[in-house]
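Chemist: I need the structure of the sequence given here:
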Amino acid sequence: MKIYLFESILMSIFLLAVTLLSSCEKKPKTEIPSDGRATFKINGIEMVTELRAGVRDSKFGFAAEKYRMVEGSLSPWETLTISELQKKTDSVQRIFNRDTIASTYPDRARHVGGYFGTPQADGDVTCDIFNVIEQDSVNNWVRINKQQDDFKKVWGSFSLHLYRTESCSSTMYPDTLLITDGQFYFSL
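Modeler: Next comes the predicted model:
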């Protein structure tokens, strides 16, 4: 469980670094960084998020984030991450827990990984961590429906079934999450 927390922190640091490097302003962050958008249902409740994406060699990944204003700055409050997707269209890729080797050696990742987390405080402290229920082969998948310009523009769909591995006293989600009707788009 601690490895997943470490991976979650590493992914958050990576995404935060990308955001910081793309902005030179010293003012509080009031614009949401976004490469696209994702929509999905969590246990039947609609969620619309901003999406940050990255492409690396033959793989790519994205983080769908819902933001809140905290002390005058926007901070990610709920984050769904799917990473290490193969660059191929019209095929379903099964989602597993994040590969522990992926954070250190992304080119050696063995499979697509996913998780859901709820950052707290100013966005840098993780409260809830949900991992993939790997036995559920029906609900853990992602599909690239269309791409352009060597995966610089991507449209896709996804579904995930997750269980809580860590939480805090302010948790708002039940122990299991079923994410359905997932759609995403990004343009880099």
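Chemist: going by C-alpha atoms from here, please, whenever you check contacts or count neighbours.
Modeler: Noted.
Chemist: do a quick rundown of the helices in the chain.
Modeler: 2-21 (DSSP state H).
Chemist: please, where are all the strands along it?
Modeler: Ranges of strands in the chain, per DSSP state E, are 36-42, 45-56, 59-70, 73-86, 92-97, 112-120, 125-132, 141-148, 153-166, 176-187.
Chemist: out of these, deepest packed?
Modeler: Comparing the strands of the chain by mean neighbour count (mean count of other C-alpha atoms under 10 Å), strand 112-120 ranks first with a mean of 24.
Chemist: you'd agree A38 is up against T180?
Modeler: No - applying C-alpha atoms under 8 Å, one finds A38 not in contact with T180, separated by 11.8 Å.
Chemist: got a list of what I32 touches?
Modeler: Counting by C-alpha atoms under 8 Å, 6 or more residues apart in numbering, I32 touches 50, 67, 74.
Chemist: can you do 10 Å?
Modeler: I32 sits next to 19, 50-51, 65-68, 73-76 when contact means C-alpha atoms under 10 Å, 6 or more residues apart in numbering.
Chemist: among those, which two are most distant?
Modeler: L51 and S73 (17.9 Å; C-alpha to C-alpha).
Chemist: still on that earlier bit, now the common contact residues for A38 and T180.
Modeler: Contacts common to A38 and T180, judged by C-alpha under 10 Å, 6+ apart, are 157-158.
Chemist: worst-scoring helix or strand of the chain, pLDDT-wise?
Modeler: Least confident helix or strand of the chain, by mean pLDDT, DSSP states H and E, is helix 2-21 with a mean of 46.
Chemist: where in this structure is pLDDT low?
Modeler: Along the chain, the parts satisfying pLDDT under 70 run over 1-30, 75, 99-109, 121-124.
Chemist: apply 90 and report the result again.
Modeler: Applying pLDDT under 90 to the chain flags the ranges 1-34, 55-59, 66-78, 88-91, 97-111, 118-127, 137, 150, 167-173.
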